[in-house]
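> Provided below for reference: sequence and predicted model.
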Amino acid sequence: MEKKYKILTKFVKDMSVETNNAETYIFVKENIDKYNLTLSIKSNPLKNGMIGVDTTFKFEDKNINEFRSNFEVTFSSVIKLNNKTNSKEELEKILLIEVQNENYPYMEKVFLNMIHDAGFDNFKIEKKINFEELYKNKPN
């Protein structure tokens, strides 16, 4: 089955790691397993039938405390649809599932490298992101 889109390019649009001081670093290193990953996907039409897709990974402690680090990275892709899509639902599936699944190995590698390079080398992703499941469970 032929893909309905082509990824023309992908890149890191923005990346940020914030750890205020050594005491915070030590606390976060011991508690990073309590952090949560949130995902945000936004798209916008570009010229010549292209679509920009931004996927943001935000990794943070949801508990309010003075010792916390923030990790955030936004990945940007530019895609071009091969044919006109027949419905909004079909376009959503392409942007929220198919493009994400194709980009996931790249996004995971960059995300892990960012956290490891920030000194949190004990961090691992225990479960891969299931974009199809997220799509099925998204609020209307």
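That came through fine.

> Can I take it that Ile129 is in a strand?
No. Using DSSP: H, G, I helix; E, B strand; the rest coil, the assignment for Ile129 is coil, not a strand.

> For burial, what's the neighbour tally of it?
17 (other Cβ atoms under 10 Å). All C-beta atoms are positioned from the backbone trio N, CA, C, and that covers glycine.

> Please enumerate residues in contact with the top helix by length along the chain?
Longest helix in the chain, counting residues (DSSP state H): helix 99-117. With Cβ atoms under 8 Å, 6 or more residues apart in numbering as the test, helix 99-117 has contacts from 5, 7, 10, 12, 15, 17, 41, 53, 55, 57, 59, 71, 73, 75, 77, 79, 123, 125, 128-129, 131-132.

> Mind checking which of those are in helices?
Filtering the contacts of helix 99-117 for helices - DSSP H - leaves 131-132.
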